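my questions are about this predicted structure, shown below with the sequence.
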Amino acid sequence: MLSLEIRKRLPGFSLDIEWSASDEVVALFGPSGAGKSLTLQCLAGLVRPDAGTIVVNGIEFFSSARQINLPPQARRLGYVFQGYALFPHLTVAENVGFGLKNRPRLERRRRIEEMLERLGLAGLEGRYPRQLSGGQQQRVAVGRALAVDPDLLLLDEPFSALDVPLRRQLREELGVLIREWGKVTVLVTHDLAEAYQIADRVVVYEAGRVVQAAPKAELLWQPASENVARLMGLRNLLRGTVLKATPELIQFQWRGHTLEAVNSPARAYLPSPGTAIAFFIRPEYVRLIKKDRPGPDPGHHMNLMDGHIVREVDQGTTWTLLFRLDAAGEPNQGEYDLEIELPKLVYEILEVHRERRWQISMHRGSIQVLPTT
Amino acid sequence: MDLFPMVLSLRVSALATLLAFLVGVPLAWLLARRRFRGRDVLEAAVVLPMILPPTVLGYYLLVVLGSQGPIGRALAVVGIDLVFTWKAAVIAACLGAIPLLIKAAQAGFESVDRTLEHAARTLGRSEWSIFWSVTAPLAWRSLLAGGILTYCRALGDFGITLMVAGSIPGKTQTIPLAIYDHVQANELSAANGLALLAVGFVLVLLLGVGRLARVRF
């Protein structure tokens, strides 16, 4: 269990956040400078908040009201720093054993061996950090943090120092390791894919505030606001005007078309007619409809619109089509209105390279409507 | 040639350097790692010995250590007399040289990534343990460079030593004082010999350590 509510003012920046999590992996997600790392430092006791409380597993780490501030040494935590902060003058074994100083020698040695074995670092115990690859350094940092058997694991951008292909592989490994270890973990990242792969719950930060804290599935389909969707880097994030809203359906105007989107009764988001709303549709959920041949089930065709392809971008395994609607006024995203993503095979079957004019359809269930912010 | 000044100088400088480490390293650590009221005053104060005329420093030291001074009187009670002994020469040499040590050590400590100290904290180590296992080992080159410069500066002290230890041949007469005496007595070959010896020793020390430990001054 982890709950914190802290305020901290720094020159030119203020942090004012509150969130909690039960036994699980939490990702703090947001742009650089949003206060994620500062939160981690407050959790670790390296930075003292101005006010608030931090409670971990029932222990009060910090409480301004009760004048409690446990030093980092008393918090029983493992911290994997950005860039790892391995001790350059110590060997791999000495780094991993650094937190075990007070244990008997034999136990200490056994524990180091066990950690090295578990992390696939056996044989490297005599090396110095500068003699290791980025991935090995990361594992040493994780091993050093876990060797003391902490009750809380903090990871600050653990992949930012690695190359992309390696990042993907290590993300998987670390995810597995954290699950096996099974205690509360807080991961700081500005990479949404990383947050998704490793965490159960995502806390979205912006400019020192928490804009949403939710289980990851919920975040993906129901960002709390346009702002959160923007921070998540969602594509085709657009704005329309409400015509009618019921608990089941929202009808709105966009670029001269009337669109319908499924509303979720659970959220009970009922904006009044005339309100500006934001909505998004994933580029891979926009369908192209071949003119001379009706789709397999025309009943699935909804929100039909006509337009043409302005430009297309080769993404390797997919094509991204930049699509402009036949509608008066400026397109919504510069020279185009929508991004459409097609697998290469579909692109070839539909012979998109021959035909530039298309009718498109967007399923009601694929359009997510959000409050503007 | 009388080698007493040489032997005395080497011994006094070694002890002065040791004393400078004991006093200077904690001060350098405070300046590098702690924010406290009066830090700017302390930072200015530690370089004063480099700027003030040696006679002024020597005079104040005499006032403090002399039989009427606060420390002198306290030491007299336990039967220790400092002024005009080789012990006073140690304190004088230390005072003149300690800014070099403090500045070098402070720069060394500041160059150690604080994240490493944070990492040690999260791993349960005390501040004392962190200093000895992280900060000092990573700043050792700066500490060594500072120590050598301090030693060389201590070797060359003249003014402060003259004020508090005098220039008693065979007792408190270090190399610089002996050279001065020789020149006064027009014994130029003896002065030359001692001067060459001093310059040679310092050069060998600086170059030797610089090469061996790849220290830059």
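Sure, I can see it.

what does residue A:128 show for phi and psi?
Backbone torsions of residue A:128, given as degrees, to the nearest 10, read phi -100, psi 150.

and for it, nearest residue in space, chain neighbours not counted?
Once flanking residues are discounted, residue A:128 sits nearest to residue A:91: 6.0 Å by Cβ to Cβ, 6 or more residues apart in numbering or on different chains. In short, each C-beta sits where N, CA and C put it, glycine included.

which single residue of chain B ends up nearest chain A?
residue B:123 (3.3 Å; Cβ to the nearest Cβ).

for the closest residue to that residue other than its chain neighbours, give me the pLDDT.
Distances taken as Cβ to Cβ, 6+ apart place residue A:99 nearest to residue B:123, at 3.3 Å, with adjacent residues excluded. At residue A:99, the pLDDT value in this model is 95.

try residue A:294
61.

chain center to stretch A:308-328: distance?
Centroid separation between stretch A:308-328 and its chain, computed with Cα atoms, centre = their mean, to the nearest Å, is 27 Å.

how about it: buried residues?
A:309, A:312, A:318-325, A:327 (16 or more other Cβ atoms under 10 Å in any protein chain shown).

stretch A:122-129 now?
Buried, per 16+ other Cβ under 10 Å, within stretch A:122-129: A:124-125, A:127-129.

and these as JSON lines, adding pLDDT and distance to residue B:175?
Below are those laid out as JSON lines (pLDDT from 0 to 100; distance: Cβ to Cβ, whole Å):
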{"residue": "A:124", "pLDDT": "94", "distance to residue B:175": "53"}
{"residue": "A:125", "pLDDT": "93", "distance to residue B:175": "51"}
{"residue": "A:127", "pLDDT": "96", "distance to residue B:175": "48"}
{"residue": "A:128", "pLDDT": "97", "distance to residue B:175": "43"}
{"residue": "A:129", "pLDDT": "97", "distance to residue B:175": "46"}
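
can you name the residue of chain A nearest to chain B?
For chain A, Cβ to the nearest Cβ, closest residue to chain B: residue A:99, 3.3 Å.

name the residues that touch the lowest-mean-pLDDT helix or strand in chain B?
The weakest-scoring helix or strand in chain B, judged by mean pLDDT, DSSP states H and E, is helix B:70-77 (a mean of 86). With contact meaning Cβ atoms under 8 Å, 6 or more residues apart in numbering or on different chains, helix B:70-77 is reached by B:64-67, B:81-83.

make it 10 Å
Here helix B:70-77 makes contact (Cβ atoms under 10 Å, 6 or more residues apart in numbering or on different chains) with B:61-69, B:80-83, B:87, B:91.

quick one on the thing from earlier: which ones among the buried residues of stretch A:308-328 map onto strands?
A:309, A:312, A:318-325 (DSSP state E).

quick one: the helices in the chain?
With no chain named, the answer covers chain A. Secondary structure of chain A (DSSP state H): helices located at A:36-44, A:92-96, A:105-118, A:134-147, A:164-181, A:192-198, A:216-221, A:226-231, A:344-349.

wait, chain B was what I had in mind.
Counting by DSSP H, the helices of chain B are B:4-33, B:39-45, B:48-51, B:54-65, B:70-77, B:86-110, B:114-122, B:127-130, B:136-138, B:140-155, B:159-165, B:175-184, B:188-212.

what's the shortest one in contact with?
When you say that, I think you mean helix B:136-138. Residues contacting helix B:136-138 (Cβ under 10 Å, 6+ apart): A:87-90, B:25, B:29, B:105, B:108-109, B:111-113, B:116-117, B:130-131, B:143.

list the contacts for the closest residue in space to residue A:112 that isn't next to it in sequence?
Using Cβ to Cβ, 6+ apart and skipping the chain neighbours, the partner closest in space to residue A:112 is residue A:97 (4.5 Å). Neighbouring residues of residue A:97 by Cβ under 10 Å, 6+ apart: A:90-91, A:103, A:108-109, A:111-113, A:115-116, A:125, A:143-144, A:147-148, B:123.
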